[in-house]
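[1] this is a predicted model, with the sequence first.
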Amino acid sequence: MKKLYTYLVACVMLISCSKDKNKTEPETGGNLSTAPTAKVTYDNKNYGIYKGVFVGSTGNVLINFKNDGTTLSANFVIDSKLYTYTSNSSTTEGTNSTITFRNNNDYFDFTVNADGSNPTIANIHISGHSNAIVRVLKEASNAQVYCFEGTFTEQGGNGTLNLVIKKDKVEGLFIPADFQVIPPLKGSVTNNNITAGIGEEPNKIATITGVITEKNIKGNWSSDTGSGSWEAHRTL
């Protein structure tokens, strides 16, 4: 009887481990890619891998635009929950493309030029996120894209500051606690130091600086009306 009990316990543990192994989990700080997954074949084409950040809550997105020649999907991680979108749109390699991705009644349009430049996400309809905005960059076989999600301090509360970084380029989204519409953030990265502006001259709203340390970034922001600190951590 004792041997039978031991055998049954071992079987239960084996089944449990198998189930855990097959779970689909969002990529987190403990399971982040360390190298680009984009194929060199598509470095200068519309096909490939695109990564970005989401506000309207907070999150990130990974678009697989036939990086393996067939898959057309988008994974949104919003508030740590994974949502998978697919598309039946017709696509052709090396052409200007507009694709509609859907998840039940939710959808968005992804547009990119034939050479992979100017990737944009628009016409976003995601349940519970009526003011959603997304910023994406194309990953290259020799240039990984990193996504960071964070917050900044301001009078009256904390806002959201999410960044997407590729080599010496940084772009992002800066949303105050009052959800005021703010222009995208753009800037540069030099020796792990970030310098960026929100809005463009002569109408720049604010400037941010920061230092990247492994999977985290900390820094400060300033404008004509105030200043504060910010921090973010890598989520994709």
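    Great, that's in hand.
[2] following element in sequence after the worst-scoring helix or strand of the chain on mean pLDDT, please.
    Lowest on mean pLDDT, DSSP states H and E among the helices and strands of the chain sits helix 2-21, with a mean of 38. Per DSSP states H and E, the first helix or strand lying C-terminal to helix 2-21 is strand 48-55.
[3] which residue is the nearest non-sequential neighbour of residue 91?
    Of all residues not flanking residue 91 in the chain, residue 97 sits nearest, at 5.7 Å (C-beta to C-beta, 6 or more residues apart in numbering). No exception for glycine: its C-beta is placed from N, CA and C like everyone else's.
[4] ramachandran angles for that neighbour?
    Note on residue 97: backbone dihedrals following degrees, to the nearest 10 are phi -130, psi 140.
[5] neighbours of it, how many?
    By the measure other C-beta atoms under 10 Å, the count of residues near residue 97 is 21.
[6] likewise the one 4 residues further on?
    Neighbourhood size, residue 101 [other C-beta under 10 Å]: 22.
[7] hmm, back to that, might one say that the residue nearest to residue 91 is in contact with residue 50?
    No. Using C-beta atoms under 8 Å, residue 97 is not in contact with residue 50; the gap is 11.5 Å.
[8] so what sits against both of those two?
    Shared contacts of residue 97 and residue 50, defined by C-beta atoms under 8 Å, 6 or more residues apart in numbering, comprise 65, 110, 112.
[9] domain map for this structure?
    Domain assignment for the chain by automatic domain parsing gives 39-143, 144-236.
[10] isn't residue 192 right next to residue 211, touching?
    Yes. Using C-beta under 8 Å, residue 192 makes contact with residue 211 at a distance of 6.1 Å.
[11] buried only: go through the shared contacts of residue 97 and residue 50 for me.
    65, 110, 112 (16 or more other C-beta atoms under 10 Å).
[12] pretty sure the first one sits against residue 48.
    Yes. Residue 65 lies in contact with residue 48 (C-beta under 8 Å); the separation is 5.9 Å.
[13] which other residues reach stretch 225-236?
    Taking C-beta under 8 Å, 6+ apart as the rule, stretch 225-236 contacts 27-29, 32, 51, 59-60, 62, 77, 146-155, 161-163, 208, 210, 215-221.
[14] and it, how far from the chain's centre?
    Put simply, stretch 225-236 sits 16 Å off its chain's centre (C-alpha atoms, centre = their mean, to the nearest Å).
[15] show the average pLDDT along that stretch.
    The average pLDDT within stretch 225-236 is 93.
[16] what do you get for stretch 95-104?
    97.
[17] chain center to it: distance?
    So, by C-alpha atoms, centre = their mean, the centroid of stretch 95-104 is 17 Å from its chain's centroid.
[18] quick one: buried residues of that stretch?
    Using 16+ other C-beta under 10 Å as the burial criterion, the residues of stretch 95-104 that qualify are 97, 99, 101.
[19] out of those residues, the closest to residue 118 would be?
    Distance ranking of the buried residues of stretch 95-104 against residue 118, using C-beta to C-beta, places residue 97 first at 11.2 Å.
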